[in-house]
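J.: Below are the sequence and a predicted model; questions follow.
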Amino acid sequence: MSLKLVGVTACISGVAHTYMAAERLEKLCLQEKWQVKVETQGALGVENALSESDIAQADIVLLITEIQLENSDRFTHSRCVQTGIHTFLRTPDKVMAAVKKIASSPQGTRIVLA
């Protein structure tokens with residue numbers, strides 16, 4: 001199954017964990033042979049911002065965040081997996097299983113992992 005993902009990572013301080021989660025997501029997607037583009041929202045502001053086209057072309061949106069995201073309404077009509085950074089870093093397999101599960105769901109489906 002070849003998927004195209006977009007992700008957003010953001011932690012409270014917007015420093016280390018934001019970038020650790022982005023790097024981990026990129027490595028996991030590389031292992032799965034999935035395309036991915038990751039936006040980070042941190043101390044330096046929004047980096048590698050996702051375009052409307054990026055979001056529209058994505059099979060799945062993965063929100064890995066500890067804070068309220070800027071412009072989160074962009075993802076309303078997307079298949080979306082949402083989780084906290086600490087959950088993602090501790091149990092990435094659980095998150096990736098949710099990504100695989102939601103891939104066959106209708107647009108607008110949302111899975112929230114605690």
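T.: Cool, the structure landed.
J.: tell me the phi and psi of Glu23?
T.: Note on Glu23: its backbone torsions stand at phi -70, psi -40 [degrees, to the nearest 10].
J.: Check the one 10 residues further on too.
T.: The main-chain torsion angles of Lys33 are listed as degrees, to the nearest 10 and equal phi 60, psi 40.
J.: how about it, what does it touch?
T.: Lys33 makes contacts with Ser2, as judged by CB atoms under 8 Å, 6 or more residues apart in numbering. Using the backbone N, CA and C atoms, a C-beta is placed for each residue, glycine as well.
J.: Contacts made by the helix or strand where Cys29 lies with the rest, please.
T.: Here Cys29 is covered by helix 16-32, with elements defined by DSSP states H and E. Counting by CB under 8 Å, 6+ apart, helix 16-32 makes contact with 3, 5, 7, 9-11, 35-36, 38, 40-42, 62, 64, 66, 85-86, 88-89, 92, 96, all of which sit outside it.
J.: try it again with 6 Å
T.: Contacts made with helix 16-32 from outside it, assessed by CB atoms under 6 Å, 6 or more residues apart in numbering, are listed as 7, 9-11, 36, 38, 40, 42, 64, 85, 88, 92, 96.
J.: go on, stretch 107-114?
T.: 77, 79-83, 87, 98, 102.
J.: For it, C-alpha coordinates in CSV please.
T.: Output of stretch 107-114 as CSV, limited to C-alpha atoms (Å, rounded to 0.1, in the frame of the first residue of the first chain):
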residue,chain,number,x,y,z
GLN,A,107,-12.6,11.4,3.9
GLY,A,108,-13.4,13.4,7.0
THR,A,109,-12.7,10.3,9.3
ARG,A,110,-10.7,11.1,12.4
ILE,A,111,-8.9,8.8,14.8
VAL,A,112,-7.7,10.4,18.1
LEU,A,113,-5.1,8.4,20.0
ALA,A,114,-4.4,9.3,23.7
